Each structure stands twice: as C-alpha cells, then as structure tokens.
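S.K.: Below: sequence and its predicted model.
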Number of protein chains: 2
Amino acid sequence: MLSDAIVRPPRLAETLSRSLIGWVREGRLAPGDQFPTEKQLADQFAVSRAVVREAIARLKADGYVETRQGAGAFVSRQAGYGSFRLHEDAVSATCHARNVFELRYVVELGCAELAAKRRTAADLMALQLPLARMNDALRSGLQGAADDDAFHRAVAAATHNPLVERFVEFMGAQFSASRVPTWNEHGRSNGRACDAQREHEAIYAAIAAGDAQAAREAAERHLREGAKRLGIALEESAGVSPIPAQPEQG
Amino acid sequence: MLSDAIVRPPRLAETLSRSLIGWVREGRLAPGDQFPTEKQLADQFAVSRAVVREAIARLKADGYVETRQGAGAFVSRQAGYGSFRLHEDAVSATCHARNVFELRYVVELGCAELAAKRRTAADLMALQLPLARMNDALRSGLQGAADDDAFHRAVAAATHNPLVERFVEFMGAQFSASRVPTWNEHGRSNGRACDAQREHEAIYAAIAAGDAQAAREAAERHLREGAKRLGIALEESAGVSPIPAQPEQG
DNA sequence: GTCATCTGATTGTCTGACAATTTGAAACGA
DNA sequence: TCGTTTCAAATTGTCAGACAATCAGATGAC
C-alpha cells in the first residue's frame, strides 16, 4: 500500500501529460474538442515534439484522447472512463487505505455471493488447494500469504465472471504486501493466521453449500476482521439522523 | 457499449505495446526483470526508437514497467495492477455486456447500502434534484437519461468514499448510452421510464430512512429491472448441486 | 578491504526530415 | 447551381542521428 520510493525529478512527458489531463478534467476541453496540434503544444510548453507525443501516448492509453492521422487529436467522448486507477492524485488524499479497502470489501462480498450461486465441483477443488496449503502453513510455520491470495482469487474465479475475477485480483493486489503480517511468525504466534484460516473455511463451507447469504456473511466477517488485523477502521454506522422520506410525489 | 468505429490500421507503437504486454502477462518477463534496451527492441521489431519509446510510455502508464534513466526498463513488481480496464482483449470475448453489468450490479448494491448508512442531509438534497428533474421529464416528455446518470452518481457520492464514487461513475459510464432507450419517447410510452422512476424513488426512500438493507434491495430491484430493459439476462441461480462441506479439518 | 573515480551503457530530450492521411478549398463539368 | 474531381496545406506517424543526464559496474588508489 504505502511506498517510500525515492523521489525522482519528474520527466517532461510525465509533467505534460498531467497538465493535459487537467485540461480535460477541468472541462477546459470538452469531449469531442480538438487538442492543439503537437507543434503548438511543443511551442507552448517549450519542449520537443517527441515529448508531446509521449505525453499524448499516455493520454491515449488512458482513453482521454483519440488521434487520427492527418486530422488531429480529440478528447474522446467518454474521457477519463477508459481505465480505473486507485492512485489518482485527486483521490489519494485522505483515508486512502480505508477507501481502497472498503471498495474491495463491497466487491468481495458480492463476489462470495455469486460464487456460492455458481460454483462447480471444479471450483470447489480449486478452493480446497490453497485452503489445504494454508493449513499446512499453520502447522509447519511456513508462509501462507501467497495461498491467502490464491484463495481469494479462487473465490473470484468461481463467479465465472472474468471481469469480476480480474477486478478482485486488481483490488487484492493492493493488499498483497499487507497480508504478510498475518502470516509471519508474529502473526501465527498470536493467533492472527489461525483466525484468518477459520474465516476462510467458513467462506468455503458456505460456497460449497451453495448458500449465498451465508457466503456473504462469512466474507463480511473475514474482511471486517482482516481490516482490524491491518489496523484499518471501517467505522460502518455513523448513526444517520432520521430524515423523512419522499418530498416529491410520483 | 457497442461501437461500430471504423477499423484503422494499427499504429506501430500500438502493436508493439501489445506484444510487450503479452510478454509480461505470459510470464516471459517476470516482475523485476529488465526489458531489452530500447535499441535492442527497435532492432528486433524493425522500428525506430521513437516507436519503442511510445510503446513503453503506454506500458508505464498502465503500470507494467518502470524506467530508470541510465539503468533501463524493468517489469514492475505488481505488473498489470496499475489500472483496471473493461475492454481488455482477453476479457471482452464472450458475454461482455452481461459481465460488465454484473460487476456494476455488485458495486451499486454495496454502494446503496453504504449510502443509507452515511448519507447526510446535504446528500439527500443532492439526490432529490435529479429525482425531481426525472419526474419533470416524465410529465413534460423531455429527456431524463442525464438525470438518471446524475441520480446514480449522487447515490455513490452519499457513500463519502471518493473511490467508490469514482468506480460507480466508471462503470455507469459504460451504460450511459444504454440509458437512452428507457427515456426516449418509446420508453416513456410503454412505461419503462415510469417504472425506472418508481424504482429510483424506492432507493431514495430507503437511503433517506437510513435503512441499509432496504436500500440494497431497492437497488437490486432497480438494476435487475434495468438489465431486463437493456435485454441483458443476469441468470442468477444456475442451481448448484449440493456438495458436502469441508474435506480438511482446521 | 574500502572508497573514490572513471567509463561504458541506457534512458531522456532535442532537432530535422519524410511518409501517410485527412481536410477543406479550388477547379471543373453538367 | 450543384456535384464531382483534384489538389495543396495541415497534421499525425515514423525515421535517423545527436547530445545530455543518469546509472551500474570496473578500475585504481589508499
């Protein structure tokens, strides 16, 4: 999650691409609008055309712009919705870890539910493997973090929706480093690993039984406890004030 | 969702970046490994170094590689998990619309739940605006698709989790074009728009009441009906066979 | 053995050129 | 006048070569 990567002086293309994305996000350039030409941008920012092209290549990769040879570069219709990132500058400001974990929480709950409804015998076998390996890890004192990852991926695979599967992997990857404290020596000695494993088995049992509601609840428990193990406060109910319903009639 | 964009001959940098991403995905290059140098790649693919640089710029944008001036380009530790896309080639094969909708379904359900738990008075007012405008649209025969979008975004905003909000927007954007058939003349005349609006009001009521469970159910009904309106079959329960639980003891 | 220095390799940037394509206007014919 | 063809300018795509900035390993001094 956190990284203390050394700071590097930003590259020109990097800086420029941020500026251009800012133009689009702030609405200075509307969808369908044409960008200044590469030469104009090069002059304006006092860089070479190669740098401009690299910056625009990045915008293309992100789905912000589309270019047509001979015509120009245009803000795409759905600018900004080509890809989803977790480390946008605007977003990563406050409570980032909590927010990321919460999104993962939401998706994995639904994922467990779907898995319980659709799992096949093969899916169950795929779930048993990392489960057994984690049990071995508990007994022998080996690392189980990788199998923890694998178990969550196997649950996602049991939904038979490759998109859901990939998204769970995507979110889970953000926490792969954070799973280690559960499975290292310290985590095993104070029972964290054992607790996690019990929660895993509850998830498996619910999915094997085809009980979607139980699977959801087991996943909820596991993620809630996992948040605790990571020191992330999910603070569910802020205690909303009672506000009457509909002010407008249909 | 669907687009009949005219096919353009692929650019060299585009082609090359796909090849390089393939190298990483297939494990031919493991995380931490060093890429061939730009010159080597240029020679190997018979393109100029500018093309190679543009292709690598794309990989950098996607979080597949990190480059260090003077050292080289390296496969990043968590290659492929820098961004989440819906239109990966590998994924978009079969049942794409259904899979995308299902992911949206999962997230918006959790979103409605969180919104009910956390909404403030200001959130409720932000929800009322698009709701009222959709009612106006129903009476006056104007377009309400944009307000439909806005309502879903307002629900997401009520979670007070900017990441969840952005992801709901991201998924919703894939269907913004698909919302029109509900709100055009035909959709209004046969009651589709009216049905959708009733579902919206149920969601609002549950969120206003702070009833998470009811909000979830209302959102579930809305999305399920929305899928029908779009002609997407969600086929929930495939009728899993009863398989006994745990084969391995804790 | 440790440290500073040097050297080659590699990415970052610049410049200029040409190819491929698009766009709009001009020229032309009906 | 309208429609078509042709052409030329503009723009992105690609290439080649050069230099700057930085890094990693080798070299050498102490």
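M.R.: Arrived safely, thanks for sending. All of these numbers come straight from a predicted model, not from anything done at the bench.

S.K.: quick one: low-confidence ranges for chain A?
M.R.: By pLDDT under 70, the low-scoring segments of chain A are A:1-9, A:88-94, A:180-189, A:234-250.

S.K.: was I right about residue A:222 contacting residue A:200?
M.R.: Yes: using Cβ atoms under 8 Å, residue A:222 is in contact with residue A:200, at 6.9 Å. Quick note: C-beta positions are derived from backbone N, CA and C, even for glycine.

S.K.: Neighbour count: these two, which is higher?
M.R.: residue A:200 (25 against 22; other Cβ atoms under 10 Å in any protein chain shown).

S.K.: That one contacts residue A:221, doesn't it?
M.R.: No: checked against Cβ under 8 Å, the pair residue A:200 and residue A:221 is beyond contact range at 10.7 Å.

S.K.: Kindly point out which residues are neighbours of both of these two.
M.R.: Common contact partners of residue A:200 and residue A:221 (Cβ atoms under 8 Å, 6 or more residues apart in numbering or on different chains): none.

S.K.: Check the gap between whichever residue of chain A sits closest to DNA strand C and residue B:167 for me.
M.R.: Using Cβ to the nearest atom of the strand, residue A:70 is the residue of chain A that sits closest to DNA strand C, at 2.0 Å. Here residue A:70 is placed at a distance of 37 Å from residue B:167 (Cβ to Cβ, to the nearest Å).

S.K.: Just give me the neighbour total for residue A:69.
M.R.: 8.

S.K.: Check which helices and strands the helix of greatest length in chain A is in contact with.
M.R.: If you go by DSSP state H, chain A has its longest helix at helix A:96-118. In terms of contacts (3 or more Cβ pairs under 8 Å, 6 or more residues apart in numbering or on different chains; DSSP states H and E), helix A:96-118 is packed against helix A:145-157, helix A:162-173, helix A:192-209, helix A:212-230, helix B:96-118, helix B:162-173.

S.K.: mind listing what residue A:230 touches?
M.R.: A:97, A:101, A:175, A:178, A:181.

S.K.: What residues does the most centrally placed residue in chain A make contact with?
M.R.: The centroid of chain A falls nearest to residue A:171 when counting by Cα atoms, centre = their mean (2.7 Å). Shown in contact with residue A:171 (Cβ under 8 Å, 6+ apart): A:100, A:103, A:104, A:107, A:108.

S.K.: Go again with 6 Å.
M.R.: residue A:104 (Cβ atoms under 6 Å, 6 or more residues apart in numbering or on different chains).

S.K.: Equivalent analysis for residue A:105, please.
M.R.: residue A:223.

S.K.: quick one: it from residue A:111, how far?
M.R.: Counting by Cβ to Cβ, the separation of residue A:105 from residue A:111 is 11 Å.

S.K.: Quick one: name the residues of chain A near DNA strand C.
M.R.: Within chain A, the positions lying close to DNA strand C (Cβ under 7 Å from any atom of the strand) are A:11-13, A:46-51, A:54, A:68-71.

S.K.: Filter the residues you listed down to just the ones in strands.
M.R.: By the criterion of DSSP state E, membership of these in strands covers residue A:68.

S.K.: Could you chop chain A up by domain?
M.R.: A:12-75, A:96-230 (automatic domain parsing).

S.K.: Deepest in the core, which of the ones you listed is it.
M.R.: Mean neighbours per residue, mean count of other Cβ atoms under 10 Å in any protein chain shown, is largest over the domains of chain A for domain A:96-230, with a mean of 20.

S.K.: ends of that domain, how far apart?
M.R.: 14 Å (Cα to Cα, to the nearest Å).

S.K.: ditto for stretch A:25-44
M.R.: End-to-end distance of stretch A:25-44 (Cα to Cα): 20 Å.

S.K.: That stretch close to chain B?
M.R.: No: Stretch A:25-44 does not reach chain B (Cβ under 6 Å from any Cβ of the partner chain); its nearest approach is 11.2 Å.

S.K.: do you know how far residue A:81 is from residue B:190?
M.R.: For residue A:81, the distance to residue B:190 equals 30 Å [Cβ to Cβ].

S.K.: Just say helix, strand or coil for residue A:142.
M.R.: Under DSSP: H, G, I helix; E, B strand; the rest coil, the three-state class of residue A:142 is coil.

S.K.: circling back: now do the longest helix of chain A against helix A:212-230: the angle between them, please.
M.R.: On the basis of axes from the mean of the first three to the mean of the last three Cα atoms, to 10 degrees, helix A:96-118 is oriented at 150 degrees to helix A:212-230.

S.K.: what's the angle from helix A:96-118 to helix A:192-209?
M.R.: Using the same axes, to 10 degrees, helix A:96-118 lies at 30 degrees relative to helix A:192-209.

S.K.: Tell me the spacing between residue A:64 and residue A:217.
M.R.: Between residue A:64 and residue A:217 the computed distance is 41 Å (Cβ to Cβ).

S.K.: Nearest to DNA strand D among the contacts of residue A:230?
M.R.: Here the nearest of these to DNA strand D, counting by Cβ to the nearest atom of the strand, is residue A:178; it sits at 26.8 Å.

S.K.: Who's the closest spatial neighbour of the closest one, skipping the chain neighbours?
M.R.: Nearest residue to residue A:178 in three dimensions, chain neighbours excluded: residue A:230, at 5.4 Å (Cβ to Cβ, 6 or more residues apart in numbering or on different chains).

S.K.: Residue A:21 too?
M.R.: Spatial nearest neighbour of residue A:21, excluding adjacent residues (Cβ to Cβ, 6+ apart): residue A:64 at 6.1 Å.

S.K.: gap between that neighbour and DNA strand D?
M.R.: From residue A:64 over to DNA strand D the distance is 14 Å, taken as Cβ to the nearest atom of the strand, to the nearest Å.

S.K.: pretty sure that residue is touching residue A:24, no?
M.R.: Yes: in this structure residue A:64 lies within contact range of residue A:24 using Cβ atoms under 6 Å: 5.5 Å.

S.K.: Name the residues contacting each of the two.
M.R.: By Cβ under 6 Å, 6+ apart, the residues touching both residue A:64 and residue A:24 are residue A:79.

S.K.: Go through the contacts of residue A:230 and name the one nearest residue A:38.
M.R.: Nearest to residue A:38 among those: residue A:97, at 39.6 Å, using Cβ to Cβ.

S.K.: follow-up on the earlier one: any idea how far residue A:167 is from the residue nearest to residue A:178?
M.R.: To residue A:167, residue A:230 is 20 Å away according to Cβ to Cβ.

S.K.: Over to residue A:79?
M.R.: 22 Å.

S.K.: picking up where we left off before, tell me the angle the longest helix of chain A makes with helix A:145-157.
M.R.: Using the same axes, to 10 degrees: helix A:96-118 against helix A:145-157 is 50 degrees.

S.K.: what's the angle from helix A:96-118 to helix B:162-173?
M.R.: 50 degrees.

S.K.: before we move on, the earlier item: look up phi and psi at the residue of chain A closest to DNA strand C.
M.R.: When quoted as degrees, to the nearest 10, the phi and psi of residue A:70 stand at phi 90, psi -20.

S.K.: What of residue A:46?
M.R.: Residue A:46 adopts backbone torsions of phi 60, psi 50, taken as degrees, to the nearest 10.
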